[in-house]
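In: Following is a predicted model, sequence given first.
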Amino acid sequence: MKTNPLSIRVAGLKLRNPTVLASGILGYTAESLQRVVEGGAGAVVTKSVGVAPRMGYANPTVVQASGGLINAMGLPNPGIEEYAEEIIHAKTVVQAPLIVSVFGYSADEYELVAQKAVEAGADAVELNVSCPHVKLTGSEIGQNPALLKKVVSKVKASVHKPVIVKLSPDVTDIAETANAAVKAGADALTAINTVKALAIDAETALPLLNNVRGGLSGPAIKPIALRCVYDLYEQVKKPIVGCGGITTWQDAVEFLLAGASAVQIGTAVALETPNVFHVINRGVKAYLKKKRYRSVQEVVGVAHRT
Amino acid sequence: MRTELNTIRTTPILSVTAESPTVKTFTLKDKNCAKARPGQFLMLWIPGVDEIPLSIMDTENGLVSVSVKQVGDATRHLHHMRQGETVGVRGPFGNRFTETSGTALLVGGGTGTAPLLFLAKRLQAKSKRLAFVVGAKTKTELLFLNDLNSICTEQSIITTTEDGTYGLQCLVTEPLTKLLAENKFDMIYTCGPELMVSKIFALAEQRAIPFEASLERLMRCGIGLCGSCVIGKYRVCRDGPVFNSRRLREVKDELGIWKIGFDGNRIPV
């Protein structure tokens, strides 16, 4: 049997290709996640789920910036109690590994949500310790290495599935937070979440986002994300999932070369279509063939040779 | 997605027209939205308050009009705004109605009549015959009767009110069975409450008449990212808002039954 050159293992998860739907994009319903799998995604990450339901912020929640989008959705989610039902349903509908994104306001909350997500059938959890626009969670946890350690070790001690930690770029040294997560047991790292940002309308002299501050995503942050992945590859011995502005197969290849074992794609679902995963995978496959690589794994970190 | 369409453009309100005690039409200058086709929508930013999706009701010479019912906070603020005040727009977004050259039946419920009026204006030139059924709770809430009279002949307009203050006293779906039995239509278009849409879809399916409905859901990003407006595997903002018979069959287990609320939970329509 011919092996699939695009397949890769990341922290024990078997992916049929290295493209993964990033958290926050679609992801409320199993059907919308499966649509992305039909579009070629090798795995999907759900919306971030917390203990209790959250409505999120009023609009505008997503605004256009040069080269990207700034969003402050405000972590809208139905709470893990309700969402567990959706996870159970998703396990029958979604034909790829299901990674549930988890957030909380304390280590105990992260633990509780992760535990329930895994009980419901999550193949892995991704800890959102990097959302830049909700107080007392997200990046407020991920930017504090001591707190981050506490959260990760608590979750690791209570779930038997891979624990991925999604990092914020809004830190002095991303390797420091990454190492805190790894020491606490993180199985893989996603780099990066959105970059804290702002948009102002000149005519009305008002910030555009209802929440004022949000997170910048899309091509504008690609070089930042790429640098973060490159730094992490040198300093951390755990698989890295690259995320930030990946829109084309060239972008994806660059992240693999920088040291990512897989890539997450979010904003490109809007810039392009949910079939963007197929398009990127086709390009990566052609690249492997042209450069005579037998697998994605062989490309990971190649840019570090020099 | 063309990013220039997704960039918020601030623009003054050029005129405000009262259509009914609860519905006002706002006309704005925006060269992008002025190129919209019937079925498309725009996102209207009410500075400092909210941003809401609105079906486009008309376009003309660089201008775009939307008709807005006062239903909540954002629309109340908008209804208090006057000519000259600044709002923001992005769009137009979404797909469009297929414009038939055959005979067409248009069924509008409440403010759902707005995108159908836009469609009727475009069909006027190319369609063989138009029939319009328009319904509202009460006489004063019947929308665009004058406009409809200038597009369709008087005999081809049926009006319904729930309280019987004008036209037939019934729901807008009521006269359809008879109408469909006595006339041949090549296409049925509708927009309005989702239960109404699903009822009319069932009638269209019985008679195997091609059908298109513009659906309404909670929308946030408007560009197919946030997932607030999904029905089945489709995003109403990006794959819709116009759904044809084939797609509606795919989502019939959800149509008129549930949608997604602000917290991502499934709630009854």
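Out: Yep, it's here.
In: didn't B:F211 look like it was pressed against B:A204?
Out: Yes: the pair B:F211 and B:A204 passes the contact test of C-beta atoms under 8 Å, sitting 3.9 Å apart. C-betas here are computed from N, CA, C, even on glycine.
In: Quick check: neighbours shared by these two?
Out: Taking C-beta atoms under 8 Å, 6 or more residues apart in numbering or on different chains as the criterion, B:F211 and B:A204 both touch B:188, B:245.
In: Which residues of the stretch 151-269 of chain B lie near chain A?
Out: By C-beta under 8 Å from any C-beta of the partner chain, the residues of the stretch 151-269 of chain B that approach chain A are B:220-228, B:230, B:232-235, B:238, B:260, B:262-266.
In: Just the residues you listed: which are in strands?
Out: If you go by DSSP state E, those have B:230, B:234-235, B:260, B:266 in strands.
In: Assign A:E234 to helix, strand or coil.
Out: Recorded secondary structure, A:E234: helix (DSSP: H, G, I helix; E, B strand; the rest coil).
In: ok now do it, which residues does it touch?
Out: A:E234 neighbours (C-beta under 8 Å, 6+ apart): A:175, A:259, A:304.
In: Which stretches in the stretch 101-250 of chain B count as helices?
Out: Assigned by DSSP state H, counting those that start in this stretch, the stretch 101-250 of chain B shows helices spanning B:113-126, B:145-151, B:176-182, B:194-206, B:245-250.
In: Which among the contacts of A:E234 count as buried?
Out: Buried members of the contacts of A:E234, scored by 16 or more other C-beta atoms under 10 Å in any protein chain shown, are A:175, A:259.
In: does chain B sit close to the longest strand along chain A?
Out: The residue-count maximum for a strand in chain A (DSSP E) belongs to strand A:43-49. Yes: with C-beta under 8 Å from any C-beta as the criterion, chain B is reached by strand A:43-49 at A:K47.
In: Show me what the following helix or strand past that strand is packed up against.
Out: Later in the chain than strand A:43-49, the nearest helix or strand by DSSP states H and E is strand A:62-65. Here strand A:62-65 touches strand A:68-71, going by 3 or more C-beta pairs under 8 Å, 6 or more residues apart in numbering or on different chains; DSSP states H and E.
In: before we move on, back to that, I'd like the helices of the stretch 101-250 of chain B as TSV, with distance to A:K285 and mean neighbour count appended.
Out: TSV is the format used below for these (distance: least, C-beta to C-beta, whole Å; neighbours: other C-beta atoms under 10 Å in any protein chain shown):
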stretch	distance to A:K285	mean neighbour count
helix B:113-126	43	22
helix B:145-151	54	14
helix B:176-182	52	13
helix B:194-206	42	19
helix B:245-250	30	16
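In: quick one, what contacts the closest residue to B:T160 other than its chain neighbours?
Out: Distance criterion C-beta to C-beta, 6 or more residues apart in numbering or on different chains; nearest residue to B:T160, sequence neighbours excluded, is B:G135 at 4.1 Å. By C-beta under 8 Å, 6+ apart, B:G135 lies in contact with B:107-110, B:142, B:159-162, B:171-172, B:192.
In: Tell me the pLDDT of residue 27.
Out: Went with chain A since none was named. In this model, A:G27 is scored at 87, pLDDT.
In: Correction: the question concerned chain B.
Out: The model reports B:T27 with a pLDDT of 98.
In: tell me how far the helix or strand encompassing it is from the chain's mean position?
Out: Assigned by DSSP H and E, B:T27 belongs to strand B:23-29. Remark: strand B:23-29 is offset 15 Å from the chain centroid, using C-alpha atoms, centre = their mean, to the nearest Å.
In: Each with direction, which strands does it pair with?
Out: Neighbouring strands of strand B:23-29 in its sheet, by DSSP bridges, are strand B:9-18 (antiparallel), strand B:63-69 (antiparallel).
In: contacts for the shortest one?
Out: So the one you mean is strand B:63-69. With C-beta under 8 Å, 6+ apart, strand B:63-69 has contacts from B:14, B:19, B:22-30, B:33-34, B:36, B:42, B:44, B:54-59, B:75, B:78-79, B:89, B:110-111, B:114, B:143.
In: Please convert the buried members of those into PyMOL selection syntax.
Out: The buried residues among these can be selected in PyMOL (16+ other C-beta under 10 Å) with this line:
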select buried, chain B and resi 19+22+23+24+25+26+27+28+29+30+33+34+36+42+44+54+55+56+57+58+59+75+78+79+89+110+111+114+143
